[in-house]
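[1] sequence unknown, structure follows:
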């Protein structure tokens, strides 16, 4: 599903970077759920010093043509703003990235993030820092992620994650500077690009669902994927039954509106031709028993084969010992 | 969230930079020197703002801008937008319907498709990218957004741009953007149907867009005809989902129209026997689709059966066994039918068939609601005992292992 946005994104604008692909295609940023939590944790420090910008580095994969980004991890980079200038602790950034690179050799610096309320000249300076030089996004274009969660009056609100690419302005757009051209300005048009927060693994999805389900509960959340009892199955069956009950209740009061006709279309096309044994309890039971017997048989055979292999190994070892 | 321009240089430096770029494109050193004359040498302040504006406009005509390479074009235009917005005092005045800037931009569209070797030539996607940036500069409620959207559609129509590029990025939000920008209903309808006409491959996603649009806006005869033509020529066979309340009303109002009559026949599963003269070229394609729908409707009418012999199929639908197999394969490929075909025994086991639910047909709707209700109740009943079955089976396994 495409989320509703006020901005348009047909193709990625021209960005000033040597590895910029010449093929016009749209750009997309995927943010792993764990990375988005880390970003929020880091930018939350902004509330302590509203006038000081808290920034960090985005890490992860990117496609060769620089149109798809996958943010998998982040770290904070110390910085200080004084008047019109900003000092970024390059040494800390390099050290942390080198350390990260050892564990994740295939990942790169994708860009940077902050929790700032506005985009201004300092944003362009920081973007310039992350776009140029070694151990940064260079030669690929850097992306800028803004996690805004403070209103103009510094009141905390629901975080809004926006991602941008820095489109080139003026001479910097040319791939090679012409004779006499001095291309050093850090001018950009921050163009919004779509982003989506994604959950990578099944356990992440389970954890996210559990967090969403219990957001109003005061008791601590426990998620276990290795539960040995059948409580999980039982709770899932209860939840499906509840959904069916809700659906039946809704259907009893269905109107002839377009949305109800769409629902009928969906249900008719998917429900009415299910296999008969799903509602025939006896047949379902026999199918399940047969399936379980198959599983037990496979387990038994595996065990038998394993024992045979071990026996062969022992016999070979003892015969070799006898020869000596 | 809109685009933000951040320029890290003095205004005079930007003007100089622009002059250098245009001089380099013209291979003459004239503009840079002329532009410098508008600034006070000591204070760097502009002496004749109107004169400077005029010179910038005249030096940014389409023939001059077209001399730039594709890589230079977008960034130069971005700089030009910045300079003119500073001189005009606002961005909105730059992009109204009389905008010479947008006119020059559209004139830069290549008239011929560039060859693969021609890397420097300005591409249509670059023009689209600039228009994309302009659109994002404008506030959501600004009327100028309507003009930019119509310009984008014009560029796609005139150039060799693939419709796929704007299908999702523009299509899914076009109506909402137009509504938010305060466009009139006529202009929303006009731009939407213009957008639809750009899809030469009649994609399924575009049909979905038509469906959501017609749910909101009523249809005139021309619009209904455009919908019918698009739907019949698309590769999607089951187009019954397009019939919502508004479309049903329009079909009823224009029931004498030959397009409406053909469409009614098609979605009800009756075989199409003639097509309007406009569609003569695609006659065979429409007949083939109509046969698939008619076959699916036959399966729906005999849904309790499950297994069908080749001989059960009416001869009006298929002429031979080979013909039946071919039409079945096409039906399965189009997603209307699912099942297993046994060629040796000449039987077809049906597992799923699409129901053709049409708004306005209350009798069939009530019947289908009743079937869905029954199916859901049966499913609920089965679920209630699953846990019991699993527990019992588990105990059986434990007991048999311990014996």
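    The structure has been received and is ready for your questions. Because the structure is a prediction, the values reported are computed rather than measured. Numbering: from 1, shown residues only, chains lettered A, B, ... in the order given.
[2] going by C-alpha atoms from here, please, whenever you check contacts or count neighbours.
    Noted.
[3] quick one: low-confidence parts of the stretch 1-150 of chain A?
    Across the stretch 1-150 of chain A, the ranges flagged by pLDDT under 70 are A:1-4, A:19-22.
[4] which residues of it lie near chain B?
    Residues of the stretch 1-150 of chain A found near chain B (C-alpha under 8 Å from any C-alpha of the partner chain) are A:2, A:4-14, A:24-26, A:119-121, A:124.
[5] now with 6 Å?
    A:7, A:9, A:10, A:11, A:13, A:121 (C-alpha under 6 Å from any C-alpha of the partner chain).
[6] of all these, which comes closest to residue A:309?
    Nearest to residue A:309 out of the residues of the stretch 1-150 of chain A next to chain B is residue A:11 (C-alpha to C-alpha; 59.9 Å).
[7] helix or strand for residue A:69, just tell me which one.
    Residue A:69 belongs to strand A:68-77 when assigned by DSSP states H and E.
[8] elements contacting the following helix or strand past that strand?
    Of the helices and strands lying after strand A:68-77 in sequence (DSSP H and E), the nearest is strand A:79-82. Other elements packing on strand A:79-82 under the criterion 3 or more C-alpha pairs under 6 Å, 6 or more residues apart in numbering or on different chains; DSSP states H and E are strand A:85-88.
[9] picking that back up, run me through the strand neighbours of the strand holding residue A:69, direction for each.
    As defined by DSSP bridges, the strand partners of strand A:68-77 come to strand A:28-32 (parallel), strand A:55-62 (antiparallel).
[10] that older thread, got a markdown table for the residues of the stretch 1-150 of chain A next to chain B, with neighbour count and distance to residue B:82 too?
    Listed next are the residues of the stretch 1-150 of chain A next to chain B as a markdown table, based on neighbours: other C-alpha atoms under 10 Å in any protein chain shown; distance: C-alpha to C-alpha, whole Å:
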| residue | neighbour count | distance to residue B:82 |
| --- | --- | --- |
| A:7 | 25 | 19 |
| A:9 | 26 | 20 |
| A:10 | 24 | 21 |
| A:11 | 23 | 21 |
| A:13 | 28 | 16 |
| A:121 | 18 | 15 |
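[11] pick out the most distant pair among those.
    Across those, no pair lies farther apart than A:10 and A:121, at 26.3 Å, counting by C-alpha to C-alpha.
[12] what residues are bridge-paired with residue A:31?
    Residues in beta-bridge contact with residue A:31 (DSSP bridges): residue A:71, residue A:197.
[13] was I right to think it contacts residue A:71?
    Yes: Residue A:31 is within contact range of residue A:71, at 4.7 Å (criterion: C-alpha atoms under 6 Å).
[14] which parts of chain A are strands?
    If DSSP state E is used as the criterion, the strands of chain A fall at A:28-32, A:55-62, A:68-77, A:79-82, A:85-88, A:108-114, A:143-150, A:156-168, A:188-193, A:195-198.
[15] what sits against the most centrally placed residue in chain B?
    In chain B, the C-alpha closest to the average C-alpha coordinate belongs to residue B:167, at a distance of 3.4 Å (C-alpha atoms, centre = their mean). By C-alpha atoms under 6 Å, 6 or more residues apart in numbering or on different chains, residue B:167 lies in contact with nothing.
[16] wait, does the helix or strand hosting residue B:134 make contact with chain A?
    Assigned by DSSP H and E, residue B:134 belongs to helix B:124-137. Yes: if you take C-alpha under 6 Å from any C-alpha as the test, helix B:124-137 does meet chain A, through B:129, B:136.
[17] could you list the low-pLDDT ranges of the stretch 201-324 of chain A?
    A:213-229, A:273-279.
[18] now residue B:75: closest residue in space that isn't a chain neighbour?
    Among residues not flanking residue B:75 along the chain, residue A:169 sits closest, at 4.4 Å (C-alpha to C-alpha, 6 or more residues apart in numbering or on different chains).
[19] surely the one you found meets residue B:73?
    No: using C-alpha under 6 Å as the test, residue A:169 is too far from residue B:73 to be in contact (10.0 Å).
[20] quick one: name the residues of chain B near chain A.
    Checking chain B against chain A by C-alpha under 6 Å from any C-alpha, the hits are B:3-8, B:71-72, B:75-76, B:78-79, B:129, B:136, B:169, B:244, B:352, B:354-355, B:378-379, B:382.
[21] ok, of those residues, which come out buried?
    Neighbour-count burial (16 or more other C-alpha atoms under 10 Å in any protein chain shown) applied to the residues of chain B next to chain A gives B:3-8, B:71-72, B:75-76, B:78-79, B:129, B:136, B:169, B:244, B:352, B:354-355, B:379, B:382.
[22] filter those residues down to just the ones in helices.
    Residues of these located in helices (DSSP state H): B:71, B:72, B:75, B:76, B:78, B:79, B:129, B:136, B:379, B:382.
[23] pLDDT weak spots in the stretch 251-400 of chain B?
    In the stretch 251-400 of chain B, no residues with pLDDT under 70.
[24] would you list every one of the strands in it?
    For the stretch 251-400 of chain B, applying DSSP state E, counting those that start in this stretch gives strands covering B:307-309, B:337-342, B:347-353.
[25] just these: most buried one?
    Highest mean neighbour count of those: strand B:347-353, a mean of 19 (counted as mean count of other C-alpha atoms under 10 Å in any protein chain shown).
[26] can you check what angle separates it from strand B:337-342?
    Angle between the axes of strand B:347-353 and strand B:337-342 is 160 degrees (criterion: axes from the mean of the first three to the mean of the last three C-alpha atoms, to 10 degrees).
[27] strand partners of strand B:347-353, parallel vs antiparallel please.
    Using DSSP bridges, strand B:347-353 pairs in its sheet with strand B:307-309 (antiparallel), strand B:337-342 (antiparallel).
[28] can you list contacts of stretch B:8-21?
    In contact with stretch B:8-21 (C-alpha under 6 Å, 6+ apart) are residues A:186, A:187, B:31, B:32.
[29] show the average pLDDT along it.
    Stretch B:8-21 carries an average pLDDT of 86.
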